[in-house]
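Visitor: generate coordinates for the sequence data below:
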Amino acid sequence: MVLVYHDDAQREYAYGPAGGLPDTKVGTFSDALMAEAKKRGWNVISMKNDWKRIFAWETNVRPTSGLIQ
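Guide: Next comes the predicted model:
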């Protein structure tokens, strides 16, 4: 199982409340979901830390952990 954690408010959106992010009504990523993912060994991919580029037109490309290019 792979979950995409939308945690990059600067380049896209940040959906919480997991990790202290804003608790939104759309696209939520709850603390319970994060705990379940850890418990079951699911991969949680952080848009902030694991994606160099979110949109094709971005010119400011971040260094990342290298999961998503």
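
Visitor: Lys25 versus Gly19, what's the distance?
Guide: 17 Å (C-beta to C-beta, to the nearest Å). C-beta coordinates here come from the backbone N, C-alpha and C atoms, glycine included.

Visitor: so what's the residue count around the nearest residue to Ser46 once chain neighbours are set aside?
Guide: Leaving out its chain neighbours, the residue that sits closest to Ser46 by C-beta to C-beta, 6 or more residues apart in numbering is Tyr5, at 4.9 Å. Tyr5: 22 surrounding residues under other C-beta atoms under 10 Å.

Visitor: how much space separates Tyr5 from Met47?
Guide: 7 Å.

Visitor: same deal with Thr28?
Guide: 15 Å.

Visitor: who's more crowded, these two?
Guide: Neighbour totals were compared for Thr28 and Met47, and Met47 leads with 20 against 15 (other C-beta under 10 Å).

Visitor: ok, the residue nearest to the more buried one when sequence neighbours are not counted - contacts?
Guide: Closest residue to Met47 in three dimensions, ignoring its sequence neighbours and counting by C-beta to C-beta, 6+ apart: Asp8, at 4.4 Å. Asp8 is in contact with Ala14, Ser46, Met47, Lys48, Trp51, Ile54, counting by C-beta atoms under 8 Å, 6 or more residues apart in numbering.

Visitor: can you lay out these as a markdown table showing secondary structure, pLDDT and distance to Ala32?
Guide: Formatted as a markdown table, the contacts of Asp8 follow (DSSP: H, G, I helix; E, B strand; the rest coil; pLDDT from 0 to 100; distance: C-beta to C-beta, whole Å):
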| residue | secondary structure | pLDDT | distance to Ala32 |
| --- | --- | --- | --- |
| Ala14 | strand | 83 | 18 |
| Ser46 | strand | 89 | 18 |
| Met47 | helix | 86 | 20 |
| Lys48 | helix | 86 | 21 |
| Trp51 | strand | 82 | 24 |
| Ile54 | coil | 67 | 26 |
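
Visitor: go ahead and confirm Gly27 touches Glu12.
Guide: No - look at Gly27 against Glu12 with C-beta atoms under 8 Å: they stay out of range, at 10.5 Å.

Visitor: please enumerate the shared neighbours of the two.
Guide: With C-beta under 8 Å, 6+ apart as the test, Gly27 and Glu12 both reach His6.
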